[in-house]
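Undergrad: would you be able to build a 3D model of this:
(chains A, B, C, D, E, F, G and H)
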Number of protein chains: 8
Amino acid sequence: MDRRRVESILRALRGGTLSVGEAMESLRSLPFEDLGFATLDSHRAMRRGFPEAVYCPGKTDAQVARIIERLSARHDTVLATRVRPGTAKAVAARVGKGKVHEFPEARMLVVGRMPNPRSGRIAVLTAGTSDVPVAEEAAVTAEAMGHRVDRIYDVGVAGVHRLLDKRTRLDRARVIVVVAGMEGALPSVVSGLVEAPVIAVPTSVGYGASFDGLAALLGMMNACSPGVAVVNIDNGFGAGYLAALLDR
Amino acid sequence: MDRRRVESILRALRGGTLSVGEAMESLRSLPFEDLGFATLDSHRAMRRGFPEAVYCPGKTDAQVARIIERLSARHDTVLATRVRPGTAKAVAARVGKGKVHEFPEARMLVVGRMPNPRSGRIAVLTAGTSDVPVAEEAAVTAEAMGHRVDRIYDVGVAGVHRLLDKRTRLDRARVIVVVAGMEGALPSVVSGLVEAPVIAVPTSVGYGASFDGLAALLGMMNACSPGVAVVNIDNGFGAGYLAALLDR
Amino acid sequence: MDRRRVESILRALRGGTLSVGEAMESLRSLPFEDLGFATLDSHRAMRRGFPEAVYCPGKTDAQVARIIERLSARHDTVLATRVRPGTAKAVAARVGKGKVHEFPEARMLVVGRMPNPRSGRIAVLTAGTSDVPVAEEAAVTAEAMGHRVDRIYDVGVAGVHRLLDKRTRLDRARVIVVVAGMEGALPSVVSGLVEAPVIAVPTSVGYGASFDGLAALLGMMNACSPGVAVVNIDNGFGAGYLAALLDR
Amino acid sequence: MDRRRVESILRALRGGTLSVGEAMESLRSLPFEDLGFATLDSHRAMRRGFPEAVYCPGKTDAQVARIIERLSARHDTVLATRVRPGTAKAVAARVGKGKVHEFPEARMLVVGRMPNPRSGRIAVLTAGTSDVPVAEEAAVTAEAMGHRVDRIYDVGVAGVHRLLDKRTRLDRARVIVVVAGMEGALPSVVSGLVEAPVIAVPTSVGYGASFDGLAALLGMMNACSPGVAVVNIDNGFGAGYLAALLDR
Amino acid sequence: MDRRRVESILRALRGGTLSVGEAMESLRSLPFEDLGFATLDSHRAMRRGFPEAVYCPGKTDAQVARIIERLSARHDTVLATRVRPGTAKAVAARVGKGKVHEFPEARMLVVGRMPNPRSGRIAVLTAGTSDVPVAEEAAVTAEAMGHRVDRIYDVGVAGVHRLLDKRTRLDRARVIVVVAGMEGALPSVVSGLVEAPVIAVPTSVGYGASFDGLAALLGMMNACSPGVAVVNIDNGFGAGYLAALLDR
Amino acid sequence: MDRRRVESILRALRGGTLSVGEAMESLRSLPFEDLGFATLDSHRAMRRGFPEAVYCPGKTDAQVARIIERLSARHDTVLATRVRPGTAKAVAARVGKGKVHEFPEARMLVVGRMPNPRSGRIAVLTAGTSDVPVAEEAAVTAEAMGHRVDRIYDVGVAGVHRLLDKRTRLDRARVIVVVAGMEGALPSVVSGLVEAPVIAVPTSVGYGASFDGLAALLGMMNACSPGVAVVNIDNGFGAGYLAALLDR
Amino acid sequence: MDRRRVESILRALRGGTLSVGEAMESLRSLPFEDLGFATLDSHRAMRRGFPEAVYCPGKTDAQVARIIERLSARHDTVLATRVRPGTAKAVAARVGKGKVHEFPEARMLVVGRMPNPRSGRIAVLTAGTSDVPVAEEAAVTAEAMGHRVDRIYDVGVAGVHRLLDKRTRLDRARVIVVVAGMEGALPSVVSGLVEAPVIAVPTSVGYGASFDGLAALLGMMNACSPGVAVVNIDNGFGAGYLAALLDR
Amino acid sequence: MDRRRVESILRALRGGTLSVGEAMESLRSLPFEDLGFATLDSHRAMRRGFPEAVYCPGKTDAQVARIIERLSARHDTVLATRVRPGTAKAVAARVGKGKVHEFPEARMLVVGRMPNPRSGRIAVLTAGTSDVPVAEEAAVTAEAMGHRVDRIYDVGVAGVHRLLDKRTRLDRARVIVVVAGMEGALPSVVSGLVEAPVIAVPTSVGYGASFDGLAALLGMMNACSPGVAVVNIDNGFGAGYLAALLDR
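TA: This next block holds a predicted model:
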């Protein structure tokens, strides 16, 4: 909870300028807003220092635009992930075109201020070129949270010298996001090479017995090197968000 | 690689006091030791600041003891996980009883110096009492790496007020390890409450459709709150190790 | 069976005004109708006090319309679930436009009399906004059976205070339907907070390792709080129907 | 929360006889007890009118006995499920032999007062004789909560006339618990015959492609008759508990 | 093998009118034809008394037409299953319109002579109306093999009296094909009622945890009544073919 | 139902020598017996011409013996499957040693009269020697139902000439039971060679990716030759029973 | 690594005409090229004697064309697999129409020189006609690597004599690629007939319980004849590539 | 078939010194022997140049001994895999102690002549020490077939420099067997480093989400480097056998 606000309310209560009923009313009404179809949770931003991202599949462009408009009124920066081509336009119509930054490869919008990268040191790796969209989702998320990202793409384990060649850049990173489909072996290898923690993102890239990312997911869960943790299949946003939390 | 050592060898090579053949020989023989059945990797300790842990299932007590003896010659602290009751004795016979610290609930040995906890702030939570052995494996691992651990057990989501009651201790943590079986819902709830990153450990606790931890694993992969990453089922060691990496 | 009818037939038989053969004929021909492609079961309505709902996928609009027309001749209220956009029109052409009530968000038709809500106390919750269509199917079903429904949407476990904020409304309910995708954790938390039984509906909302609702289904099956039972993935109708049975 | 207690504390706070710090202390210390390894949650009993049951696998007899002793100090009746043969003795040593009621077929203990059955009307069915232990767990649980149970065993769908023969007893029930392994078809058939809601319990009875109850679980999830909800595989306790909630 | 032909060749060989090489040549060239993309196996028809059916998915209309044309030159009756709307026309263009019998609900073509039903006694049942296309595939296959089929549709276990009402027709059948999706319980119930063997066909009808017919398949494999065997999901052709083999 | 008995009762009712209540009582009490833990279903034997077999796992030897004793009072021949070594003795103690026939390889008892083989023509094949116990269960079941069985063991597809060598015996069979683990390919090959229907029995023989018979089960479901139907993994009894039904 | 090049650089270093820094720079810059989205690995071609193939799904035609153009500059022959209809045109626009060889049935392009077949002896078999596209991918891959391929299609196990008829051609092969869907039984049978090693390719051909090739994959993994190894579902390229490696 | 023998028989037939009947009898009786429970297939040895190995689980020691005795009468070398501790003794009692070579780590017996290694060049790698038993099964199999094996153990991807250090030995191999559990990533990495084909053996080593080797199996099927094929989980024998076929 937003402790200072609560504190001031409770002091008023204690001081007698507020009844218990009024105090409860103040506490409840303030930061929650009810859009009818979605309870915006602005508490989370206060707790985490970052607004809630909007996951777009299953919501109409109009719903996305309305949610973002409301969130933008309170937050400097709002994210939308897995946007459709037309979503940017719908959002721009509500918040103004200048505030909408499109990242087509990452299928994302950053609405509001795009922060200047701080001195953070996150590396984002992919095993192949097909993993790039998920990696971009991770990278743009971390950048939108103010972190600097080093992209190292297409360094899968089938040509391990390509990875070893990037050793210096890996050593510089404080957190490494590794995005891989197929057998999902890259996180194990990377984690064996570096000191930094590794966030592994299985992708649904592959065919046949990859079973939409299940093979990569299981591979990463069984990484034989400690220092690896895994997020959901194709969940670039989650990986970028977590990397930003850890990069400090 | 151990850069300084390599550097001095290469300088000797360049300076002509070493032939290429001799240099290669020096590079290779030094930090690798071949026990016949296991190539000890003392490089990793140099890179990560911590020795390799020995995972005991599938190895005889004699093999475990021999591996630990060799590792102890080079490292202050060596871990053994999933030990059987008799393993401690076999290890003590080789390295001396005074160096072996037993943690029965965690099914672990810490061999060598048990470091004093630094000022670290790791919280380890469990959903139920049956999850405690896995949680202890995480906690002892982190403590053996010099971190302070706050144990908060039996705060599962079926009684969410028990968790809310621990809010202050959760807020103090820099990293939170959440250990849960059954439906694996606790990481989502915890991550929604705090700023710190959450490492989720599914356990094989449960019955019926828990399918030996698969339900908890899938639940955690789908955690609806960002800031959560998952390690393998029952992998307390991996969670504790990762938590220690992040707690700085 | 329709006991009174059977009874009067048997009495006639016993009284000698009916031969055994005639009696059997009467029993069989009466309440079963054969449309050629579907045996309408009007017995069930007598037993349960409610007509059979028509599940539309896999049936043409013409088939749906013909089944509903026939059912409407005997029942005050008939339901159609998972209707396509054009179904309402096809049905209206047969039974008259005034009898067809459309619920687009629930993808349902209620044909005939839409009952006034009795004093029932069913709460329908969702974890997120994407779960709303399934929740609406549950809510409209219960309303069509004459029950009052309190909709509490978007109160997922990632922001558990949003749920706690609704405590009073939860306490008022006699039965609670909880609709959730992703990790399916909400039923556990809700059931730990209230006295009422909880009907959990997993949804196919999510991506990656949600595996079309399997993760949520397994999560709910493993709910660590007693008082929870689960229906099929996305089965809003079943949940609403069961809730109406229990709300008395 | 226990509203009256909280209310009296808050009034004291408001009245000035308590500082905020003291009030918080009072609130927290009271109903929670910390046994070190398990946070007993006596709130739940207040909310639900029934104490928490102790699930014994994964706990030592000594732990079970200690938890039950503590719970018995506050509750008239405490349940233990899936007990081992020796558990009863360990519990009796702590709470007195007279208070421990053993139900070997159900693998349960009821500790304290075994209530006289009220006028409740729960029917518990099994498909085969191998399903009886799970059914007994359900039946004893409901009886320990004060309900009357009608046991109707071995009426599987392979001989549907055996089930039809019990029609009168089925019609008398307000809630029906159906326990079945193998293909799990019985709940569908039963639900098509009666007005009452059906709680389906898949069991791990079967072999080959029953996959430890998965076939029965999937079958029950897909029950083609509405009015059925499912609990976890072999979860007799959950079914009995839920049936008791619904039987009113 | 076609024994008489082989025999005459071997006699010629023995009689000296054929060399070994010529004999081998004769044996090989005769009944195998190579269309380049498919080796037609006319031996099987000789063995089984019926030609190979053509499974159309994955073949172009032109390929289907060409295969059927060739088969029709040797066989009175040829089947095509899972045809697309345009396939009939493509086949008719090659073999003549009069020879092509379309069965749209079964998605089949019968090319050549459609035999008059012999006195066979096969019953084909479905649980619901959505299972009808698969049932029709079974029925038309058996009819094309010269058997009489009694269709009994929409008699699922949720209304078991609908099934009991058909008892007389069931008792008349020598083989019963039972087609069912969802929980796949109908074969168990039917097999418990009759003497005849039951061929169970799981269908992909259902949603959610039916997992495209897996739930029905597992349910049928675990049928608790003996006398049931199962064919592949949606495999109406296989069931009809087998029923014809057994109906004698 | 036992029509003649019912008929005589109904005539008495019609004739007035019985009230409806008395008639119902007579109908119900007669052929059902209630052992408390198992409802014996002697109707099935009347319908199918064969008594119910007793599946022993999950029942105590004492329960098995008691059920068999009761069944033996009405039936000439009773089967017990998956017996433990001690079961025969427990049964013999109740029904007399002379009536118990042990088949250790098949893990079966035949209690009562072991019929002389009629002129039936069932072939039972196995792919390997490890599949023999399941095959023996099928063979003994069919023999106990009065059929003649030809055992053809260890003719797996890895040496297809071993199978071809048995062609004459295969051609003689009216029904073929094929028992195979590992990849389960034998039914496809056999069905392509013969006219007779094939009952495929997957076994749990194999290791690794055989997943306890799942690979064989899926292989057999996908048999590319029509005329194959599948029973549950290791279900020799079901296969033998069905073969006996078909062998006429 | 490209040993000669590295050697000449190291000699220069040792000879003093290169500093260590310059040497490292030379080593790194040379054979790696960075296209921004894909690190081309021309080392692999040096090691394996063949260029990397381009797997087209998930890449735009423009990306494919650009990658191929760059690879063509260094390699005589470049492969593209799973091409879309328009890809050939996009590639031709960059490298010249004369260099692009289309293989529509195999869904492949061979860009550059199509080698004349050497005297290699690879046989490629399919079980059915639907498996042909995957088989063609294998065959064209091996041909593009300079090997001679004997195509033997539609010889599935349901008509095992069709296969035996091809015995001579099988015996001639040094390596056999077997492509099969459904139950995947063909590799076992083939391997039992020949001396040559068998590469098994499961295909996603089939329906129902084939589960997109999983049944065939499991069947092949469990092949009861040694001498079989398996590649991924539908992975014709991998099978052809491996066959070319083995055919020497 | 054993062509020369068949040829001499056929010549006799042609020459008139044998009737067709006698010829057929000679052909059939000769190389097949029927032990009652297992048809020994000595043809395979003729075709492949190596006798059938005996897979011991599911066979008694006595059965194993009897099969081996018979095979030894015709073959220089016979293998037994997955032997129990007592098997060697039972076999020695039949064939003589001097002929039985035990390999306890490989859980194998080689009965008869243990050939001197030819100049073959097979490398067998393991990821960890727990994979060694499976690797030894592969190595001893290949050695028993007369090949030289280079064992390179414990070079998993978590310490990729350990693998790179063995580059020279890898380059020397003509075939490489890679044995790995957990995530199964080693084959991909190895295949990217060498020219030789790679046979991947997943092991059931691991815990949690390794699911008894499924994770490793899927990982290896999805290996992102071509030139890899996979055998069954823990199938060291199959890998060694195949390696021997390829090493020429």
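Undergrad: quick one, phi psi at the closest residue to A:Gly238 other than its chain neighbours?
TA: Nearest residue to A:Gly238 in three dimensions, chain neighbours excluded: A:Val231, at 4.4 Å (Cβ to Cβ, 6 or more residues apart in numbering or on different chains). Placement of C-beta: from N, CA and C, glycine included. Backbone torsions of A:Val231, given as degrees, to the nearest 10, read phi -110, psi 180.
Undergrad: and A:Val231, what does it touch?
TA: Applying Cβ atoms under 8 Å, 6 or more residues apart in numbering or on different chains to A:Val231 gives the contacts A:Ile199, A:Ala200, A:Val201, A:Gly238, A:Ala239, A:Leu242, B:Met221, B:Val228, B:Ala229, B:Val230.
Undergrad: residues near the fourth one, how many?
TA: To tie it back to what came earlier, the one meant is A:Gly238. 26 (other Cβ atoms under 10 Å in any protein chain shown).
Undergrad: what helix or strand does it sit in?
TA: Using DSSP states H and E, A:Gly238 sits in helix A:236-246.
Undergrad: average pLDDT across that helix?
TA: Across helix A:236-246, the average pLDDT comes to 93.
Undergrad: need the contact partners of that helix.
TA: If you take Cβ under 8 Å, 6+ apart as the criterion, helix A:236-246 is touched by A:50, A:53, A:55, A:79, A:81, A:106, A:120, A:122, A:124, A:133-142, A:145-147, A:174-175, A:177, A:179, A:197, A:199, A:201, A:231-232, B:195-197, B:226-229, B:246.
Undergrad: which of those are buried?
TA: The neighbour count (16 or more other Cβ atoms under 10 Å in any protein chain shown) marks A:50, A:53, A:55, A:79, A:81, A:106, A:120, A:122, A:124, A:133-142, A:145-147, A:174-175, A:177, A:179, A:197, A:199, A:201, A:231-232, B:195-197, B:226-229, B:246 as buried among those.
Undergrad: take those residues and keep only those in strands.
TA: Mapping the buried ones among the contacts of helix A:236-246 onto strands (DSSP state E) picks out A:Tyr55, A:Leu79, A:Thr81, A:Ile122, A:Val124, A:Val175, A:Val177, A:Val179, A:Ile199, A:Val201, B:Val228, B:Ala229.
Undergrad: farthest-separated two in those residues?
TA: With Cβ to Cβ as the measure, no two of those lie farther apart than A:Tyr55 and A:Val175, at 22.7 Å.
Undergrad: hmm, stretch A:76-89 in reach of chain B?
TA: No: using Cβ under 8 Å from any Cβ of the partner chain, stretch A:76-89 never reaches chain B; the gap is at least 10.4 Å.
Undergrad: need the CA coordinates for that stretch. PDB is fine.
TA: Listed next in PDB are the C-alpha coordinates belonging to stretch A:76-89 (Å, rounded to 0.1, in the frame of the first residue of the first chain):
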ATOM      1  CA  ASP A  76       4.900   8.600 -17.400                       C
ATOM      2  CA  THR A  77       5.300   5.400 -19.300                       C
ATOM      3  CA  VAL A  78       2.800   2.600 -20.300                       C
ATOM      4  CA  LEU A  79       3.600  -0.600 -22.200                       C
ATOM      5  CA  ALA A  80       1.400  -2.600 -24.600                       C
ATOM      6  CA  THR A  81       2.500  -6.000 -25.700                       C
ATOM      7  CA  ARG A  82       1.500  -8.300 -28.500                       C
ATOM      8  CA  VAL A  83      -0.200  -5.400 -30.300                       C
ATOM      9  CA  ARG A  84      -1.900  -5.900 -33.600                       C
ATOM     10  CA  PRO A  85      -0.900  -3.600 -36.600                       C
ATOM     11  CA  GLY A  86      -3.900  -1.300 -36.000                       C
ATOM     12  CA  THR A  87      -3.600  -0.900 -32.300                       C
ATOM     13  CA  ALA A  88      -1.100   2.000 -32.400                       C
ATOM     14  CA  LYS A  89      -3.500   4.100 -34.400                       C
END
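Undergrad: quick one: that stretch near chain G?
TA: No: counting by Cβ under 8 Å from any Cβ, chain G has no neighbours in stretch A:76-89; the shortest distance is 15.1 Å.
Undergrad: rounded mean pLDDT for that stretch, please.
TA: pLDDT averaged over stretch A:76-89 gives 91.
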